[in-house]
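A.B. asks: Sequence plus predicted model, see below.
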Number of protein chains: 2
Amino acid sequence: MSNGHKQASIVSIGNELLSGKTVDTNAAYIAGQLRTVGIPVIGIYCVADEEPAIQRKLTLAAEEADILVITGGLGPTDDDLTRQAVAGFLGEELVLREDLLKELRLFFDRRGVPMPRRNDIQAHIPRGATAIENKMGTAPGIRAEFGGKLLFAMPGVPTEMRHMFEASILPELRLLAAGQAMAVTRLRCFGAGESTIAEMIGGAMRRGRNPLVNCTVHLGVITLEIVATAPTVREARVMAAEEERSLRAVLGDLVYGTGDQTLAEVVGELLARADQSLAVAESCTGGLLASLITEIPGSSRYFTYGWVTYSNRAKHTELEVPLEMIDRYGAVSEQVARAMAQGARQKAGADYAIAVTGIAGPGGGSEHKPVGLVYIAVDTRDGAETSRYVFSSDRSFVRYRAAQTALNLLRQKLKLTNLA
Amino acid sequence: MSNGHKQASIVSIGNELLSGKTVDTNAAYIAGQLRTVGIPVIGIYCVADEEPAIQRKLTLAAEEADILVITGGLGPTDDDLTRQAVAGFLGEELVLREDLLKELRLFFDRRGVPMPRRNDIQAHIPRGATAIENKMGTAPGIRAEFGGKLLFAMPGVPTEMRHMFEASILPELRLLAAGQAMAVTRLRCFGAGESTIAEMIGGAMRRGRNPLVNCTVHLGVITLEIVATAPTVREARVMAAEEERSLRAVLGDLVYGTGDQTLAEVVGELLARADQSLAVAESCTGGLLASLITEIPGSSRYFTYGWVTYSNRAKHTELEVPLEMIDRYGAVSEQVARAMAQGARQKAGADYAIAVTGIAGPGGGSEHKPVGLVYIAVDTRDGAETSRYVFSSDRSFVRYRAAQTALNLLRQKLKLTNLA
């Protein structure tokens, strides 16, 4: 193997991966683990349980990587052909290992069942390769060296694979990759689009840069991932921290958190720290806002009351929104949003209340009030503020975006209050 | 393209897929969809946002397949290089399409924001290729023919990708694959575990059988997928329909719907058909039940009022649950669940009301009232019925399972009423 940076490729084997029946979660898990020891994954291949197809993918993967990590196809049934394909790829025969056969028999003995004949195959590995112990199942893994490179094959059952990977493979790879350290930091942003944020941070996302900054979007939340590479973990961490500081300086309040933090989590922390309470009144989000808030463990410390006033009558009887107001301005209006928030805060006796009213679609829009129109009001002791938005795309997106925007408005208000 | 069976390969593009941060769910979705039109996927490739690496994987994928389906890397930022890589692979230049630019500008205009300069790139496609409309975002897709084969590139954002795939790509591929027919029917079940259902349907899940029955579980919903293969669509459909009949005969009321139907959708249809209304009162589910109900378009026809009475005081002031009752039996009790449902139905003037109270965890459990304990009450004109459950696993699962079980209880009640 070269003395430079080691790279890995992953080959996931199984018909179920190509039929759409199973999502390949193993590859993401392995990639994440490899990254912690500083080994980047440069390719992932999914292939069916067919010997020539597997061999072809192993050959392709070996061309670009120093380390091949293979999962799946080590079971005892006729469609498990990884063992044979790996032997073919290595140019070695499969040989029966008596010690593995004994282990297998013991595995079945301990369960008090006779070993089915077909499990014999699991005691075979390519000549010259090493078996990797499987504490969670019957199929041993395979470790082999070829042309200065390394190959590991593991079962596809996630629990067996993870156990084997962490116990027997990761420690070796950690040693192998010593001297190539990575630090990863994630900044979570809300309130601007991907392209706006990319423009703000300028050249930070340029390829080949170190630290590298990757940008992903999920339901309006933009995640900037900073990946710093250096000879030691300490140096990598310092580089990532410096990059974080400079991104934060540019993005300011658009950054709401780090890691995997949600807006609801950050808002909850701010409320708990200030010992303040929150109530919500929802129309178009229909319970989603309350659900995001209460998804956080311990949210009962600050969240007390929620109303889903889906009908006009409910807005009136529960939150005391005047029926004349609804008649005059419509249920989707600045006035009604404000009255909902005020009604909710008063009835709940809360420090803060958020109200959301809008048109989630697909029906119910008009020229002046299109689908996606949403009013959000935040009421506090100092009065109410209302904002107007037009979110696009489908019902589910409008609802989610409205709920997240409501949380972000409250976050901004709480930050100002906590500073004061 | 050959006249034999068409095969597809999928190329998923994005650094986040190789860092372990994101699981590639797009590939499984596309593979599942292609299967419904009889096109098997023979390879899935994941590759980073690097032009030469993408080109290499496109070349490999094109060697084995007649159809390439590509996702990711069509965004406006510097790390979105799929457009360039596809052009390179096709051996064509990227050209600016004025009509696409106009569309893009309109997209931003409708939101009242100026189009960032960098979005210009999204109006470029390889010479000779066709743009595919993106109704959910800014990046158009790309359709190109090469050497008698077909290539489709779509954005990586799952909602945009799915919409584009179903609207513009699947119909073409369905026609292309005519003569190799499959019929796929899905039965959605709730109320029993996977192994119980597998035992009930006996040998139906045997490999190699036609129709084949696959079983998947997601958050308590068990989906049985019937895949029938035959020379014509008509024959395949007849086979799938017969299998459906025999499975339904065995599973009875455990089958709540078909296709992608959710419990909330089925309950909504039953309510709308009977012209009945529903209110909900939630404690541990914290708005999730209301959110599932209102996720369905048109739910305002039957859903009017929801309360998230997270604190004891809220249960009292909003739903008139006596404080003495909460003191004596606890907020998580059969009595309080019943009183919440009765209070909600009366205040909303609804035909039905559901109430949920429980301990979602991770804290708050005790010996007699463990984490996962949930009481669900359904109140109707004929009185209330309350059921007790202990759901296991984490907070998020307990909440989701409780909300789904509440919907299933209401579904069973509505079916009896509609029959009567």
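C.D. replies: Received it, and whenever you're ready, just let me know what you need. Numbers count the residues shown, from 1 in each chain, chains lettered A, B, ... in the order given.

A.B. asks: can you count the residues close to residue A:381?
C.D. replies: Neighbour count of residue A:381, defined by other C-beta atoms under 10 Å in any protein chain shown: 8. Just so you know, the C-beta spots here come from the backbone N, C-alpha and C atoms, and that holds for glycine as well.

A.B. asks: I figured it hits residue A:349, correct?
C.D. replies: No: with contact defined as C-beta atoms under 8 Å, residue A:381 does not count as touching residue A:349 (11.7 Å).

A.B. asks: shared neighbours of the two, which are they?
C.D. replies: Between them, residue A:381 and residue A:349 have no joint contacts when contacts are counted by C-beta atoms under 8 Å, 6 or more residues apart in numbering or on different chains.

A.B. asks: Show me what residue A:68 bridges to in the sheet.
C.D. replies: Beta-bridge partners recorded for residue A:68 (DSSP bridges): residue A:9, residue A:151.

A.B. asks: Then residue A:70 would be within a strand, right?
C.D. replies: Yes: assigned with DSSP: H, G, I helix; E, B strand; the rest coil, residue A:70 falls within a strand.

A.B. asks: Which parts of the stretch 1-150 of chain A are helices?
C.D. replies: Using DSSP state H, counting those that start in this stretch, the helices of the stretch 1-150 of chain A run over residues A:15-18, A:25-36, A:51-64, A:82-90, A:98-110.

A.B. asks: For chain B, find the nearest of those helices.
C.D. replies: Of all these, helix A:25-36 sits nearest to chain B, with 2.5 Å by C-beta to the nearest C-beta.

A.B. asks: List the buried residues for that closest one?
C.D. replies: Neighbour counts over helix A:25-36 (16 or more other C-beta atoms under 10 Å in any protein chain shown) mark A:26, A:27, A:28, A:29, A:30, A:31, A:32, A:33, A:34, A:35 as buried.

A.B. asks: and if you look at stretch A:318-336?
C.D. replies: Buried-residue list, stretch A:318-336, by 16+ other C-beta under 10 Å: A:318, A:319, A:321, A:325, A:326, A:330, A:331, A:332, A:333, A:334, A:335, A:336.

A.B. asks: isn't the first one right next to residue A:310, touching?
C.D. replies: I take that to be residue A:318. No: Residue A:318 is not in contact with residue A:310 according to C-beta under 8 Å; the separation is 10.6 Å.

A.B. asks: intersection of neighbour lists for these two?
C.D. replies: Applying C-beta under 8 Å, 6+ apart, one finds that residue A:318 and residue A:310 are jointly contacted by residue B:305.

A.B. asks: Helix, strand, or coil at residue A:332?
C.D. replies: Residue A:332 - assigned by three-state DSSP - is coil.

A.B. asks: That one and residue B:187: what is the separation?
C.D. replies: Between residue A:332 and residue B:187 the distance is 39 Å, computed by C-beta to C-beta, to the nearest Å.

A.B. asks: can you check residue A:37 too?
C.D. replies: For residue A:37, the distance to residue B:187 equals 45 Å [C-beta to C-beta].

A.B. asks: Comparing those two, which residue is more hemmed in?
C.D. replies: residue B:187 (24 against 19).

A.B. asks: That one is in what secondary structure piece?
C.D. replies: strand B:181-189 (DSSP states H and E).

A.B. asks: Quick one: list the elements packing against that strand.
C.D. replies: helix B:25-36, strand B:221-230, helix B:233-251, strand B:255-258 (3 or more C-beta pairs under 8 Å, 6 or more residues apart in numbering or on different chains; DSSP states H and E).

A.B. asks: I'd like the ones you listed written out as TSV, with distance to chain A and mean pLDDT added.
C.D. replies: TSV is the format used below for the helices and strands packed on strand B:181-189 (distance: least, C-beta to the nearest C-beta, whole Å; pLDDT from 0 to 100):
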stretch	distance to chain A	mean pLDDT
helix B:25-36	3	93
strand B:221-230	8	86
helix B:233-251	16	93
strand B:255-258	18	96
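
A.B. asks: Relative to residue A:247, which of the ones you listed is closest?
C.D. replies: Among those, the nearest to residue A:247 by C-beta to C-beta is helix B:25-36 (28.0 Å).

A.B. asks: Next, the angle from the closest one to strand B:181-189.
C.D. replies: Helix B:25-36 runs at 120 degrees relative to strand B:181-189, counting by axes from the mean of the first three to the mean of the last three C-alpha atoms, to 10 degrees.

A.B. asks: re the thing from before, can you tell which of the helices and strands packed on strand B:181-189 is closest to residue B:91?
C.D. replies: helix B:25-36 (25.4 Å).

A.B. asks: Next, the contact list for the residue positioned nearest the centre of chain A, please.
C.D. replies: Central residue of chain A (C-alpha atoms, centre = their mean): residue A:260, 7.7 Å from the mean position. Shown in contact with residue A:260 (C-beta under 8 Å, 6+ apart): A:186, A:188.

A.B. asks: For it, pull up the helix or strand it's in.
C.D. replies: Here residue A:260 is covered by no helix or strand, with elements defined by DSSP H and E.

A.B. asks: If I look at residue A:405, what pLDDT would I see?
C.D. replies: The pLDDT attached to residue A:405 in the predicted structure is 97.

A.B. asks: quick one: it and residue A:376 touch, right?
C.D. replies: Yes: between residue A:405 and residue A:376 there is a contact under C-beta under 8 Å: 6.2 Å.
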